[in-house]
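Novice: Sequence and predicted structure below; questions after.
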Amino acid sequence: EIFRYVKAMKQQMPLNSHNFKYLINPTSVCEGSVFLHIYVHSAPDHYKQRTAIRETWGSPRNFPDLAIKVVFLMGRPNKQSVQEALQLESDTHGDIVQEDFVDSYRNLTYKAIEGLKWISHNCRHATFILKTDDDIFVNIFNLVKHLRSLHKFRKGNVNRLLLCLVWQRMKVIRNPKSKWYIPKSEFPDDFFPTYCSGSAYIMSADVVEAMYNVSLKTPFFWVDDFYITGLLAGKLNLQHEKFNSVYKLGPSKFLEEFTEPNKWRTLVFGHVHNLNNMHTVWKNILREQHNSIEPKSTVAAPV
């Protein structure tokens, strides 16, 4: 009986407890009804990227009649001066979420679980959740238009949603010189099961909470987008819903794709390296918004 009891207790113990403490935690950012909550993976020293997002697609002025919230997720920097700057930034904007793991490339899965955990504890009432990165531009008007249509089509019953750029049979990189190198000892198969591009994916709140709970029983794997949208989604038997046509992830083509009229009106997510290009694209989108008839839509002034 004791053996069976101990075995049962071990089965209940977390394999990936994620017991990091918060260094910065703005718990009041998600109060009230929230249509869309966005959490952005950022690095502690990426202040310029966060500022650009706050001034463009992440501004609360874009939809004053619709609750859209944004927070930036990160771990602990190596320099105390960066931590002090982050605290000041948090005091100013109130949108920083930080845990005490070391912020590094190999710890991105910790950051991904940090997002699931924070949403589960603070914003489980949101209708839609968007995870994205601080080098991704979001055409927030196109995104909200699509999500409103989806909400109407599902008659308000939004659940078990995982909407993304779906990747199928992605080859595992075996070149030791690559930053994405994975030895067979870590992952024996030559192809990944279906998962989402980590650049941006949309979930319903029930999926976020279920993913966080199942992550506690799923051993750590450092490829964060596969861990979250592949391993965890697989354990939950989630269906990956394709949103592929709205992504343009080549940064060299960002300005061209998001300013050409016949293209940008259908796009939502773009990969951007040059922050000046982000502002240029945003001003173009705002001009179009002001010239169009969009009921109940007030946009932010150009920056």
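Specialist: Cool, the structure landed. Numbers count the residues shown, from 1 in each chain.
Novice: and the next element down the chain from the helix or strand of the chain with the lowest mean pLDDT?
Specialist: Scoring the helices and strands of the chain by mean pLDDT, DSSP states H and E places helix 2-12 at the bottom, with a mean of 58. Per DSSP states H and E, the first helix or strand lying C-terminal to helix 2-12 is strand 22-24.
Novice: how about that following strand: buried residues?
Specialist: Buried residues in strand 22-24, counted by 16 or more other CB atoms under 10 Å: 23-24. Quick note: C-beta positions are derived from backbone N, CA and C, even for glycine.
Novice: Pull up the pairing partners for it, direction included.
Specialist: strand 96-102 (antiparallel) (DSSP bridges).
Novice: now the strand it pairs with: how far from the chain's centre is it?
Specialist: The chain centroid and the centroid of strand 96-102 are separated by 15 Å under CA atoms, centre = their mean, to the nearest Å.
Novice: quick one: Asp206 from Ile129, how far?
Specialist: 10 Å (CB to CB, to the nearest Å).
Novice: doesn't Tyr22 make contact with Glu99?
Specialist: Yes: look at Glu99 against Tyr22 with CB atoms under 8 Å: they come within range, at 5.9 Å.
Novice: mind checking how far Ser90 is from Val97?
Specialist: 9 Å.
Novice: and those two? which has more neighbours close in?
Specialist: More crowded of Ser90 and Val97, by other CB atoms under 10 Å: Val97, with 26 against 18.
Novice: what about Asp206 and Ile129, which has more around it?
Specialist: Legend: neighbour count by other CB under 10 Å for Asp206 and Ile129, higher for Ile129 (25 against 15).
Novice: So for stretch 100-107, mean pLDDT?
Specialist: Averaging pLDDT along stretch 100-107 yields 95.
Novice: neighbouring contacts of it?
Specialist: 20-23, 43-44, 74-78, 110-111, 114, 179, 222 (CB atoms under 8 Å, 6 or more residues apart in numbering).
Novice: Would you report which members of those residues are assigned to strands?
Specialist: 22-23, 74-76 (DSSP state E).
Novice: Spit out the contact partners of Thr259.
Specialist: Contacts for Thr259 were tallied using CB under 8 Å, 6+ apart; they are 280-281, 284.
Novice: Now list the buried members of those.
Specialist: Buried positions within these, assessed by neighbour count (16+ other CB under 10 Å), are 281, 284.
Novice: Among the contacts of Thr259, which one lies nearest to Leu232?
Specialist: Val281 (32.8 Å; CB to CB).
Novice: my guess is the closest one contacts Phe258, does it?
Specialist: Yes: using CB under 8 Å, Val281 is in contact with Phe258, at 4.4 Å.
Novice: shared neighbours, these two?
Specialist: Joint contacts of Val281 and Phe258 (CB under 8 Å, 6+ apart) are 137, 264, 270.
Novice: Show me which of the residues you listed has the smallest pLDDT value.
Specialist: The minimum pLDDT among the shared contacts of Val281 and Phe258 falls on Trp264, with 84.
Novice: List the buried residues of stretch 119-139.
Specialist: 119-120, 122-124, 126-139.
Novice: how about low-confidence regions in the stretch 201-303 of the chain?
Specialist: 293-303 (pLDDT under 70).
Novice: show me where it has strands.
Specialist: Secondary structure of the stretch 201-303 of the chain (DSSP state E, counting those that start in this stretch): strands at 241-242, 247-248, 269-271.
Novice: could you dump those strands to CSV with mean neighbour count and distance to Tyr201?
Specialist: Output for those, formatted as CSV (neighbours: other CB atoms under 10 Å; distance: least, CB to CB, whole Å):
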stretch, mean neighbour count, distance to Tyr201
strand 241-242, 14, 10
strand 247-248, 20, 10
strand 269-271, 23, 10
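Novice: Switch these over to CSV; also include distance to Val172.
Specialist: Below are the strands of the stretch 201-303 of the chain laid out as CSV (distance: least, CB to CB, whole Å):
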stretch, distance to Val172
strand 241-242, 22
strand 247-248, 22
strand 269-271, 22
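Novice: Can you tell me which of those strands is nearest to Leu36?
Specialist: Closest among the strands of the stretch 201-303 of the chain, using CB to CB: strand 269-271, at 14.1 Å.
Novice: what packs against that closest one?
Specialist: strand 136-138, strand 195-204, strand 247-248, helix 254-257 (3 or more CB pairs under 8 Å, 6 or more residues apart in numbering; DSSP states H and E).
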